[in-house]
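Chemist: dropping a prediction and its sequence here:
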Amino acid sequence: MHSAKVSRLALVAHNTFPPRRHVSPCVTAVGGRCLGHDGVGPTRYAHTSSAPTEDEAVVIRIPQHMQRRVGHAKDLRSKKRVPMVRAGKLLIQSKSPEHNQSAGFVFGKFEPTVLSSKGWKHKKSFGDYFTINNTKSVAPFVTEQQPQEERVTERKAVEFGQLRIHEELVRTLSQANITHPTTVQLQTIPKVLKGMNVLCAAETGSGKTLSYLLPVVHKLQLEKSSEDNAENSRTLGCLVVVPSRELTEQIAAVSRLLCAPFGMLTKTVGGGRGIGPIKNMFRTGPADILVATPGALVKALRRRCLDLSALRFLVVDEADTMFDSSFSDTLETILLQTAIARAPSETQGLGSKAQLLVVGATFPGGVGELLSRVTDLGSVVTVKSRNLHLLMPHVKQTFLKVRGSDKLLELQQALTELRHVTPGGGDRGGAVVFCNKAATVNWLGYSLDELKVKHLRLQGEMPSVVRAGVFRSFQRGEADVLVCTDIASRGLDTSRVRLVVNYDCPESPTDYIHRAGRVGRAGGAEEGQVLSFVTHRWDVELVQSIETSARRRSVLPGMKSSISEPKAQGKEDDEEEKKKKEDDEEKEEEKFRKKKRRMAYRRED
Ligand SMILES: Nc1ncnc2c1ncn2[C@@H]1O[C@H](COP(=O)(O)OP(=O)(O)OP(=O)(O)O)[C@@H](O)[C@H]1O
């Protein structure tokens, strides 16, 4: 069979190209495709029985294994990729259907990831889009109301009453319709009650505030009611440090609710209004719980308005912002004025020290280094949620490649659609529109005014008098749209929000996680969604990493949720220092390169 085939081939070749006296031995045609040159490949096996005469056909024999190899390569090329769509729900829905991916499809470890956003750096990709569909209807950190098919365990959900916290606290929570702890609360509350230093890393909106406030209030009221302390005047028991004034008000509101049954006092102190109001606040005496921004707190400490020596709890919330370079020096000043316990036993009895609780959805590098100066890192237990740094499976996330000039129109359409989803009465739900700069917030605000879209604006460059109360007005529903910068992306509870729009693409996966986390929160509006506009070529890398994480169900790149060990002493210290310096230099270089690339793109645009 094989010889016949080869002979036929040779005959065809013979008929098509009549034999010449000097047939070049180095080129052999099979099916019109060149196979080899210079004696390598098929020509090495070429066999001519004798020097061809004019009447003889040139017979070239090709070994079977070589034919099989050629056939296999052809097959591979022509074979279509394994279909990514199977029966059931789609995880990725793309403008090009061949990029769709089913929720049940899994990529092999070494298989390249197919991306809808692959060609998004090209001008022709404007108008392209893809959606990461929600595969769960309820947030995974909510322990009750999980549909039967999405349940991880068949065990009955634990109630707050089973966590050994004061029954008044359980009652207060149930009045607010909060009966079952979320997964992070289940893990964190017992550890704080035991007196441990805790680093709590859990998804946005998973109820981290209650996970530290509940055990703190429980323990403070126990101490207050004990006979030893009955005669004592009020002392500051817990200090919560957060990055923004809006957040101080929000956390203080929850704290006041929990403290009310025990007659405990919560106060806030924020910056932006000079030293006068800060002094006035402390003149009226200490609080049991103080929620403060770091800048205002350091001012108060310098003027000896408060004393941290008797502190029982120090909470650092929104750790990624608090430990980054903009706040880390101020935070260090605060930490160094506090005596932090190095073991649970040090939190009890006379001369007891403060428990340290560090809370966040993401952690920057350097947390361990700073903490190692005030406590033994070995004493810090880490609570990490299962879905940390994964894209939220209960929130639909759409990416749209759109020209800068079309973004306003797209935004208007998205806001109109949101209004139509819940026609008639009830809370329509809100939308948060994120911009990267304060100037864009202002410009977009004026444009929305022209389009008669009622909205509120929040950005860091606003005068504090104007800024005060903006977020509360939005929470109360005075407007359905909040146009803001990233200052609203950290910690603010936006339970009524149904839509997050990234008008400007976020600059890092961390920013994306925090912005997207304004929807799909515990006890919040159902069916939240995120819409991101992708305009610039430098945005595409982030989009591709998000798409890869979604398709592979892997964590987003560059996210940290643990603290590194304290630095070694002596020589090792020097070596580590050197390595760190090198790493830092490398990072700086990379940053510089990125900036250059971005500038280049800008010029090209
Ligand atoms: N166990 C619970 N059951 C129902 N709702 C809850 C529960 N715990 C907290 N919540 C609600 O969930 C919302 C989000 O809580 P919280 O602001 O503490 O989240 P977070 O994890 O701190 O979010 P972020 O990372 O954005 O700071 C709040 O409205 C809160 O009232």
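Modeler: Alright, I've got the coordinates.

Chemist: within the helices and strands, which one has the most centrally placed residue in the chain?
Modeler: Geometric centre of the chain, nearest residue: residue 513, 2.6 Å, by CA atoms, centre = their mean. Secondary structure assignment for residue 513, by DSSP states H and E: helix 509-516.

Chemist: same question, residue 526
Modeler: Using DSSP H and E, residue 526 falls outside every helix and strand.

Chemist: ok, residues contacting the helix holding residue 513?
Modeler: Here helix 509-516 makes contact (CB atoms under 8 Å, 6 or more residues apart in numbering) with 204, 320, 361-362, 389, 391-392, 395, 397, 432, 434, 486, 489-490, 500, 502, 506, 530, 532, 542, 545-546, 556-559. Using the backbone N, CA and C atoms, a C-beta is placed for each residue, glycine as well.

Chemist: can you list which of these are found in helices?
Modeler: 320, 542, 545-546 (DSSP state H).

Chemist: between the residues you listed, which is closest to residue 309?
Modeler: Each of those was scored against residue 309 by CB to CB, and residue 320 proved nearest at 28.9 Å.

Chemist: dump the residue contacts of the residue lying closest to the closest one once chain neighbours are set aside.
Modeler: Of all residues not flanking residue 320 in the chain, residue 362 sits nearest, at 4.4 Å (CB to CB, 6 or more residues apart in numbering). Residue 362 is in contact with 201, 319-320, 389, 510, 513-514, 559-561, counting by CB under 8 Å, 6+ apart.

Chemist: let me know the pLDDT of residue 362.
Modeler: Looking at residue 362, its pLDDT stands at 79.

Chemist: list the contacts for the residue of the stretch 251-400 of the chain found nearest the ligand?
Modeler: Per CB to the nearest ligand atom, residue 361 is where the stretch 251-400 of the chain lies closest to the ligand, at 4.4 Å. Contacts were defined as CB under 8 Å, 6+ apart; by that measure residue 361 touches 201-204, 208, 320, 388, 513-514, 517.

Chemist: for the stretch 251-400 of the chain, what lies in contact range of the ligand?
Modeler: The stretch 251-400 of the chain comes close to the ligand at residues residue 361, as judged by CB under 6 Å from any ligand atom.

Chemist: what about the stretch 251-400 of the chain, any weak spots by pLDDT?
Modeler: Applying pLDDT under 70 to the stretch 251-400 of the chain picks out residues 272.

Chemist: same check, this time on the chain
Modeler: In the chain (pLDDT under 70), the answer is 1-55, 73-82, 145-156, 227-233, 272, 421-428, 560-605.

Chemist: how about the residues of it near the ligand?
Modeler: Residues of the chain lying near the ligand by CB under 6 Å from any ligand atom: 178, 180-182, 185, 204-210, 361, 491, 493, 495, 517, 521-523.

Chemist: got the CA positions of stretch 279-297 in PDB?
Modeler: Extracted C-alpha coordinates of stretch 279-297, given in PDB (Å, rounded to 0.1, in the frame of the first residue of the first chain):
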ATOM      1  CA  LYS A 279      -8.600  69.000  71.400                       C
ATOM      2  CA  ASN A 280     -12.300  69.700  72.100                       C
ATOM      3  CA  MET A 281     -13.200  66.000  71.500                       C
ATOM      4  CA  PHE A 282     -10.700  64.900  74.100                       C
ATOM      5  CA  ARG A 283     -11.600  67.600  76.600                       C
ATOM      6  CA  THR A 284     -14.900  65.900  77.300                       C
ATOM      7  CA  GLY A 285     -13.000  62.800  78.700                       C
ATOM      8  CA  PRO A 286     -11.900  59.500  77.200                       C
ATOM      9  CA  ALA A 287     -14.100  57.000  75.400                       C
ATOM     10  CA  ASP A 288     -14.200  53.200  75.800                       C
ATOM     11  CA  ILE A 289     -13.700  52.900  72.000                       C
ATOM     12  CA  LEU A 290     -12.000  55.500  69.900                       C
ATOM     13  CA  VAL A 291     -12.100  55.300  66.100                       C
ATOM     14  CA  ALA A 292      -9.500  57.500  64.500                       C
ATOM     15  CA  THR A 293      -7.600  58.400  61.400                       C
ATOM     16  CA  PRO A 294      -3.800  58.100  61.900                       C
ATOM     17  CA  GLY A 295      -3.000  61.800  61.200                       C
ATOM     18  CA  ALA A 296      -5.400  63.200  63.700                       C
ATOM     19  CA  LEU A 297      -4.400  60.600  66.300                       C
END
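
Chemist: counting neighbours, show which residues of that stretch come out buried.
Modeler: For stretch 279-297, a neighbour-count test (16 or more other CB atoms under 10 Å) marks 281-282, 286-297 as buried.

Chemist: which residues are in contact with it?
Modeler: By CB under 8 Å, 6+ apart, stretch 279-297 touches 216-217, 220, 224, 234-245, 248, 251-252, 255, 259, 264-271, 278, 300, 303, 305-306, 322, 327, 330-331, 334.

Chemist: picking that back up, okay, the ones in helices among the contacts of helix 509-516 in CSV with neighbour count next?
Modeler: Formatted as CSV, the ones in helices among the contacts of helix 509-516 follow (neighbours: other CB atoms under 10 Å):
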residue, neighbour count
320, 21
542, 22
545, 19
546, 23
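
Chemist: circling back: residue 319 versus the residue of the stretch 251-400 of the chain closest to the ligand, what's the distance?
Modeler: 9 Å (CB to CB, to the nearest Å).

Chemist: do the same with residue 350
Modeler: Applying CB to CB to residue 350 and residue 319 gives a distance of 31 Å.

Chemist: those two: who's more crowded?
Modeler: Per other CB atoms under 10 Å, whichever of residue 350 and residue 319 has more neighbours is residue 319, with 24 against 5.

Chemist: residue 532 pairs with what?
Modeler: Residue 532 has these beta-bridge partners by DSSP bridges: residue 399, residue 502.

Chemist: my bad, should have said residue 132
Modeler: Beta-bridge partners, per DSSP bridges, of residue 132: residue 92, residue 397.

Chemist: burial check on it, number of neighbours?
Modeler: Using other CB under 10 Å, residue 132 has 25 neighbouring residues.
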